[in-house]
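*Asks:* sequence first, predicted model second:
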Amino acid sequence: MRDQIELLVRLREIDDQIDFHENNVSRLPLEVQEIARNLVAIRREIDQHQEKLAAVDKDLRQKERDLAVEQDKIKRSERRLMNIKNQKEYNALSRQVKLGKKVVGEIEDAILEFMSQTETLKRNLDRRQTEYAGLEQGLKQKKAAAEEATREAKVALASLNADKAKIADALEPEYLKRYQVVKKALGNAVAEMDKGTCTACHMAVPPQLNIRILKQEELIFCPSCQRILYVKAENIPNSNKIDS
């Protein structure tokens, strides 16, 4: 019986390693996909910033042209003022010059606002482009690491599954079936008993079961979680040890 218990323990160890490698194989592509999604989101933001920057720059250029037109109008009006003799015409043109200067002030304020927006957009664009470049490099590295880890995992899994098949062949069918049923339900079918406690569910094992587990003459299941219980060889008193 002890050899069967040892095989079950070894089977659990192999299954743990298989689970580890399979989780890595499935996890790494998800991490790559997450980085790729972030890249797409940042690329979209960059495109939006560039479009908005182009729009603001277009408005800025238009305002600069408007300013030049208004300033030219004011200069022409001021030259005309010097030659007008009629007071009524002079007053009307003066009001026109004053209104023009007000318009110029408003255009200058708009230009300053557009320039401020441009500076902010450029800073944000530079920051996102730097972030994008870093993520792009990280994606290349993560892809390479995922591919290498996947190759290594496949090699390890081939060896582990071969070992698992050998152990399954050496196990009593009823023990293997019970192991598989519990593993499917709980993810781990074998648990160590340490100091009278199941290390999987952390519940105390009744004393009578404790004694039977130490004898290694039968499979004992935790009454709380139904896992197969075992005790490490070094923790079995000499009086309880039996020959293989």
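*Replies:* That came in fine, so what should we check first?

*Asks:* other SSEs contacting the lengthiest helix in the chain?
*Replies:* Looking across the chain with DSSP state H, the single longest helix is helix 87-170. On a contact count with 3 or more Cβ pairs under 8 Å, 6 or more residues apart in numbering; DSSP states H and E, helix 87-170 meets helix 2-81. (Each C-beta comes from the backbone N, C-alpha and C, glycine too.)

*Asks:* so, low pLDDT: which residues of the protein?
*Replies:* Along the chain, segments meeting pLDDT under 70 span 238-244.

*Asks:* check the gap between the closest residue to residue 171 other than its chain neighbours and residue 185 for me.
*Replies:* Once flanking residues are discounted, residue 171 sits nearest to residue 7: 5.4 Å by Cβ to Cβ, 6 or more residues apart in numbering. Shown here: residue 7 relative to residue 185, a distance of 20 Å by Cβ to Cβ, to the nearest Å.

*Asks:* who has more neighbours out of these two?
*Replies:* Ranked by neighbour count (other Cβ atoms under 10 Å), residue 7 and residue 185 place residue 7 first, with 19 against 12.

*Asks:* how much space between the more buried one and residue 173?
*Replies:* As judged by Cβ to Cβ, residue 7 and residue 173 stand 13 Å apart.

*Asks:* spatially nearest residue to residue 199 (excluding sequence neighbours)?
*Replies:* Using Cβ to Cβ, 6+ apart, the closest residue to residue 199 is residue 192 (4.8 Å).

*Asks:* and that neighbour, what is it in contact with?
*Replies:* 199, 229-232 (Cβ atoms under 8 Å, 6 or more residues apart in numbering).

*Asks:* list buried residues within those.
*Replies:* By neighbour count, with 16 or more other Cβ atoms under 10 Å, the contacts of residue 192 hold 229-231 as buried.

*Asks:* what does stretch 66-80 rub up against?
*Replies:* Residues from elsewhere that reach stretch 66-80 (Cβ under 8 Å, 6+ apart): 93, 96-97, 100-101, 103-104, 107-108, 111.

*Asks:* I'd guess the residue nearest to residue 199 is in a strand, am I close?
*Replies:* Yes - judged by DSSP: H, G, I helix; E, B strand; the rest coil, residue 192 forms part of a strand.

*Asks:* any idea how far residue 44 is from the residue most central in space within the chain?
*Replies:* Centroid-nearest residue in the chain: residue 34, 5.3 Å away (criterion: Cα atoms, centre = their mean). Applying Cβ to Cβ, the value for residue 34 to residue 44 is 16 Å.
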